[in-house]
Structure formats: C-alpha cells, structure tokens
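S.K.: dropping the sequence and predicted coords here.
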Number of protein chains: 2
Amino acid sequence: MKKHYLLTPGPTPVPPEVALKEALPIIHHRTSEFGAIFKDVSEGLKYVFRTQNDVFITSSSGTGTMESAVVNLLSAGDEVIVATSGNFGDRWIKICEVYGVIVHSISVEWGKAVSSIEIEKVLKANPKVKAVYTTFTETSTGVVNDIKAIGEVVSKTSAVLVVDAISGLVGQEFHMDDWKVDVTVSGSQKGFMLAPGLAFVALSPKAWGLVEESKLPKFYFDYKKYKKSLITSETPFTPPVSLIVALQEAIRMIKEHTIEQVWADCRLLAKASRAGMKAIGLELFAENPCDVVTSAKVPEDIGGKIVKILREKYGVSIAGGQGAVKGKIIRFAHMGYIGKADILVGFSCLEMVLKELGYKLELGKSVAAVQEVLLNN
Amino acid sequence: MKKHYLLTPGPTPVPPEVALKEALPIIHHRTSEFGAIFKDVSEGLKYVFRTQNDVFITSSSGTGTMESAVVNLLSAGDEVIVATSGNFGDRWIKICEVYGVIVHSISVEWGKAVSSIEIEKVLKANPKVKAVYTTFTETSTGVVNDIKAIGEVVSKTSAVLVVDAISGLVGQEFHMDDWKVDVTVSGSQKGFMLAPGLAFVALSPKAWGLVEESKLPKFYFDYKKYKKSLITSETPFTPPVSLIVALQEAIRMIKEHTIEQVWADCRLLAKASRAGMKAIGLELFAENPCDVVTSAKVPEDIGGKIVKILREKYGVSIAGGQGAVKGKIIRFAHMGYIGKADILVGFSCLEMVLKELGYKLELGKSVAAVQEVLLNN
C-alpha cells in the first residue's frame, strides 16, 4: 500500500476536485454546453496569463506549443535570438534549426540567468532579428530569467519576445502585458494543477504581424485555425474534452485563491526549500533561483541514487539533474497543488536517504529550517 | 437534471471503469511504474491494430497524427496519391499541400467508396508516387473503404499505404499486417472508449524506409524520437499520464471481450441502425456503409433542426452532416461504449423529433425494426 508524494517539476499533483472532473461523462465538443465551458476557460486563461490577448489551447505537450511558436511566426532563413540558460532554452535552438531558422544563441552557464544587456547587444548587432526566444523559469536548473528586463529591451525593437513559461506560469509572478511579452507558451501539468495533455499560447498584436508574414509550413498548429475557434467557440480539432472540463475547475480554484496569493504561496515554499537545502549543507545550484523549483548540488558519488531511493523507499518523487548536471543536482518542485506539508515530507525523507547513503548530517535539521521559515512568514 | 446520451462518432462515451482511472493521482512519467504501464499499453495497441509493428502514442488529436504521417514520410516535391471519399480524406490533401507535396487526388462522390482499381491506374501512370493516403471508415459520410483490396494493389509497388483509421479502428474489422497497410493512424476518442487527447500511429518496415529519407521539417512529431521511447519506455515529451493510465484499462477491457467480438458487436448495431433508418423511410446515405457510424438522408427543410432538438429536448447527441451535406444527413455512431440500449434510445427519440417537425411516420416503427435485428442475431 505505497503512498505517493509528487514533488517533481511536472507533472505535479492534481487536486481531487479537479481530478474527478476528468472522470465526468464526456460531452460532445460541438455543443453549446461545451462552447460555454470553452469560452469560460479561454477567459480564465487571460486572467492567469495577465493579458488582454487571446489565449489558444492545443492538444499537445508543452513542446508542441513551443514548436507552434516557431512555425507560426517565422519563415526559413529568418534570424532569431535564443537566450538559453538550460535544457529547455536549448530546445528553442533545436526547434529553430529543424526549420532552417538562423539562430544567434546566447548561452549562459547552467545555474546562471540570461542577461538582458547581452540580449540588447546582440539585437543591436543583428537588426534583422525577428524574434527573441527565451525561458521564464528554466526547469532544468531552477533559475528564473528576468523577463521584465528582457521585455523592456526587446519591445524597443521590431523583434517580438517569445517566452516559454511552461513551468513558471501560475507559480511565479508573471505579467504578460505589463512586461511586454509578445508570445507566452505554457502547459497544463505544472502550476495549473492539471494532468498533462493541454498546452496554451497567447499572442500580442505585434506577434500577429509576424503570423501574417510567416511562411513555415503548419497545419495542426496553425494559429489562424485557433483564432477562428475563439470566435465560434468551436475548436479546430476534437479537443481533450475531459481535460478542458477539469481545467475550468482548476482555474476557478486559482481565481478564488487569487493569482497574487498563489504567487505568494510558491514564493514562501521556495524560501523554505532553500533554507532546508542550506541547513544540511547542500549548496543551491541556481544563482537566481525561481519560485517553482529549488535545485541543489549533491555529492557526485551519491547523486545518481538519491532520486531512486526516495521514490522506492518512501514514495517521494523528486527530480534529479538532466543533461550536463545528471547525477549532480536534485530538484524539488513547489508549485500547483504542492503544499507546506508536502515540502516537510520531502525534506524529512531526503534526510533519511542522504544518511543511508553515508552523507553526514544531523537528522531533523532541514525540517527545522523549513519550519522556521513557514512559521515566521 | 438532464441526462446525456452520446451517439456521436467521436468523442464517444467512456466506461466508468476507464473514466475513474483518469481521476487517479498522477504518477511521474520517468519512473519504472509508469514505464511498465507504457510498455503494457504499447503492446496492447499492437493487439488492437493487428500488427507486429511498433505503435507510437502522441499527445494530440487525430489530425496531429495525420500530419505526422506526412512530415515523417515525405520531402517537399514528392508525389503522393490521396484517395478521398469525404471530409477526412480531403484533410490528407490539405496537409500534403501545406508541405509542398504534389497530390494526385482521386475523389469520389460523397456517399461512395474509393476504388482500388482506380488507385492501381493512377499508380501505374505515376510511378514516382511514394505514398497512397486514404481513409478506412470515412466519418463524414459513413462509408467504409476496402483497405484490403487497396493494400493488395499498393503493396505490389514501391509506394506505401497510409490509412486514417481514426474512427474505424477497434469498431470495424481491420488487419494492419494481413492487409498490407504500412502506416495506420488512430485516436483515443472513438472505438478505444477513451477521452480525446491521445493519438496512435503504427509503421511497417517499408514505411521506415521513407522515414529515413524524409526531409520535411519536424520536431514534436519526429518518429525517431518516438521509436527511441519504445526502447527506453520513456516518452520523448511529458505524456498525458492520466489518459495513458486509462487507456491501459480500456485495452484490458477490449482484450477481455476480444477484438473479434467488438467487431461483431458493432456490425450488429450497424445492421440494426440501417434497419431502423429504412423502417421510417430514411434512405441510407452511404453506398458501402461502415460498422461504426450509420448515415441517412433527411428532408432538407428539417435537416438542420433534428440534431439540435434531439440534444435539447432529450439529451441525445447525434451528428448532422458536414461540408457539402450539412443539413442533408444525420449520423448515428455505434462504436466503443455505445450499446444496444443506446441505439434504442436514439431511434425512439429521433422518431419523436421527426414527428414534431412534421415528418410523416408511425411511432415505434424504427424501434421495432432495430429490435427485430437485435433479437434475430
């Protein structure tokens, strides 16, 4: 009778109120009943994105929507900047290259954030650049990039700013319109507290200008089809009905709690998690840590084993490192339906696993540090 | 307290045993626990497709997977044949054209099936054709195309046969390997008795030859990424975990009932539905009707109203006509979790709606005809 605790940066746990909606009888998508839900959800997404722009829903993982933000904005031979600080930033480069887009890449060392000053420099040197692609919270490293500062820089040029906010949206303060972001992509399985299977994308009028010019081929992800669907309240293709019905409930819960409160909750959990890591001698990996996932360095001789033992012995799922930092870091998520008690479970079990692996620590130390932050804030 | 009866050709009703699985706590997709489910489901799909080939799962609607079967097999300038008998066949043409593929189209009048003899002729005249795209059961008209005969013809050439079996698979007898089909695409929301959000594609070794040569751009739908995922039991992108867990239960139910019995059940419901339509003077629309959806002509002056009144007064959802036959036909689905009693509900309510609209009929007549078939088979 193993009990599971999901502390991974996506998928994240789904509240029972939302999960049960997924189990409701399917309704047909070409009905006024579904149309009303679709309309409500589309409006609710604007609230979460902090935007007046339309938000489209695609049936895909977040990567599918990232690809949509390349094929709908560009033509082969176009120049773009990709400012990357990790695995998911690098994905923008890979997608662009597949489509014959010329990439000026700005890569920073993993654990560091991208610099708006550097972006400004590369933009000046390359006036033909049509778009700047970057990442809000880089899930692979736990870093948050300063999108507001980047928005200031990019908005002064003719280029558009495209932000992968898949893991950051909902959990970390984000203002699409105020920060002058032109395209924001996100997914259902992180802060939205939903199962994976839906992705979202919002576009500014400036970005629509590029859509009109774009010549890259697309059919399933063609934004013009999705734009039309917002007018008719009928999706271009059969949508994941059960996930959209559940999304309505998730957005209702977020609105009830208020997005500002959700941001504050994650901020507190992040602060507590950082304190927990430090208390047992684990150095933080991110120089500019985000509010949705906390990453810390672990000794390389035991790094590969921590995640596995945590899951197998205690049912606690956290994430290890990807790519260059595989086996070198651990990552604790604190977004969506992950709460204070979950973080306490995470740290107390982590301590036991570290001890078992021969790492020197005083039991209860990280838990106390987490408690301290939770009590005093 | 309106009760809903879903008799549409996708989405179709989901059995409670399957729906509840969707509501289970999310498990992380990079775990041995999910890996075991993914492996079981991938094997189960082979059973349903009647194939030894690998079957890939994508997070998308069926159309996304149709597009994948274009971008993974072809290069711009390649020649293909599209044999279309309706709206979904036409979609192959639209997708191919977006990607600069040269289409030799064979279109038949709606309500008729495509001819393998015609395909043979066009193949002979165009020896450079790399693929023949067609549809198994054409949902927009209710026609079934003779894939076995088409497979005989295409397999003698160097071209591959790509079949959209989105609505037909599971419900209608289909043998991917025995019928020499090279690529079969399908979706979760029809015969699989699942919510929309998953799509499937199986490829023969002959089709893999084209994948190796293909130059069209792709990232999210790149088959090479999915092929790798079958070896590692780790999906390339975050998969719709809850839908895959539910799919495992749906496939278990299909296997327990046996696929042969599922085919026989749909065949009987189709026979009964055709008898019901005829008994109240509604002429069948499809010359070669399939087993998963029955289409019938309705008087044009009332055609546009039937679907709406049925849904609003009785909670019964059926489909009307699309495109060229909008308002001219109605379509009753009988696949997946649609059973004998559902068909009886459908016909008895249809009779009441037709009567209300001034159509001349004797109440109970179509119901009796359906009962007759069900009792005597």
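M.R.: Noted; the coordinates are in hand.
S.K.: which residues does residue A:53 contact?
M.R.: A:46, A:176, A:177, A:202, A:203, A:204, A:205 (Cβ atoms under 8 Å, 6 or more residues apart in numbering or on different chains). Where C-beta positions appear, they are placed from N, C-alpha and C, glycine not excepted.
S.K.: in a helix, the first one, correct?
M.R.: The one in question is residue A:46. Yes - the assignment for residue A:46 (DSSP: H, G, I helix; E, B strand; the rest coil) places it in a helix.
S.K.: the closest residue to it other than its chain neighbours - how many residues pack around it?
M.R.: Beyond its immediate neighbours in the sequence, the residue positioned closest to residue A:46 (Cβ to Cβ, 6 or more residues apart in numbering or on different chains) is residue A:55, lying 5.8 Å away. Counted by other Cβ atoms under 10 Å in any protein chain shown, the residues lying close to residue A:55 total 23.
S.K.: check residue A:125 too.
M.R.: As a measure of burial, residue A:125 has 9 neighbours, counting by other Cβ under 10 Å.
S.K.: now do the SS call for the residue nearest the centre of chain A.
M.R.: For chain A, residue A:167 is the residue whose C-alpha lies nearest the centre (Cα atoms, centre = their mean; 1.3 Å). Three-state call for residue A:167 (three-state DSSP): coil.
S.K.: per-residue pLDDT, it?
M.R.: Looking at residue A:167, its pLDDT is 97.
S.K.: that one and residue B:360: what is the separation?
M.R.: According to Cβ to Cβ, to the nearest Å, residue A:167 stands 62 Å off from residue B:360.
S.K.: show me what contacts the closest residue to the residue nearest to the centre of chain A other than its chain neighbours?
M.R.: Leaving aside its chain neighbours, residue A:167 sits nearest to residue A:139 (4.3 Å; criterion: Cβ to Cβ, 6+ apart). Applying Cβ under 8 Å, 6+ apart to residue A:139 gives the contacts A:9, A:10, A:86, A:87, A:88, A:166, A:167, A:293, A:331.
S.K.: residue A:302: which of those residues is nearest?
M.R.: Distance to residue A:302 across the contacts of residue A:139 (Cβ to Cβ) is lowest for residue A:331, with 15.7 Å.
S.K.: using CSV, write out every CA atom in the helix or strand where that closest one lies.
M.R.: Secondary structure from DSSP states H and E places residue A:331 in strand A:329-333. Provided in CSV are the C-alpha atoms of strand A:329-333 (Å, rounded to 0.1, in the frame of the first residue of the first chain):
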residue,chain,number,x,y,z
ILE,A,329,21.8,18.1,-8.6
ILE,A,330,18.4,17.3,-7.1
ARG,A,331,15.3,19.4,-7.8
PHE,A,332,12.3,19.9,-5.5
ALA,A,333,9.2,21.4,-7.0
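S.K.: give the buried residues for the next helix or strand after that strand.
M.R.: The C-terminal neighbour of strand A:329-333 among helices and strands, as given by DSSP H and E, is helix A:340-356. Neighbour-count burial for helix A:340-356 flags A:340, A:342-351, A:353-354 (criterion: 16 or more other Cβ atoms under 10 Å in any protein chain shown).
S.K.: with stretch A:13-28 instead?
M.R.: Buried, per 16+ other Cβ under 10 Å, within stretch A:13-28: A:13-15, A:18-24, A:26-28.
S.K.: which elements pack onto the strand holding residue A:331?
M.R.: Secondary-structure packing of strand A:329-333 (3 or more Cβ pairs under 8 Å, 6 or more residues apart in numbering or on different chains; DSSP states H and E): strand A:293-297, helix A:300-314, strand A:319-320, helix A:340-356.
S.K.: surely residue A:234 and residue A:29 touch.
M.R.: Yes - with contact defined as Cβ atoms under 8 Å, residue A:234 counts as touching residue A:29 (7.3 Å).
S.K.: between these two, which one's more packed in?
M.R.: Taking neighbours as other Cβ under 10 Å, residue A:234 and residue A:29 compare with residue A:29 leading, 24 against 15.
S.K.: and the more buried one, what are its phi and psi?
M.R.: phi -80, psi -10 (degrees, to the nearest 10).
S.K.: grab the nearest non-local neighbour of the residue of the stretch 51-200 of chain A found nearest chain B.
M.R.: Minimum separation of the stretch 51-200 of chain A from chain B (Cβ to the nearest Cβ) falls at residue A:197, amounting to 3.4 Å. Once flanking residues are discounted, residue A:197 sits nearest to residue B:240: 3.4 Å by Cβ to Cβ, 6+ apart.
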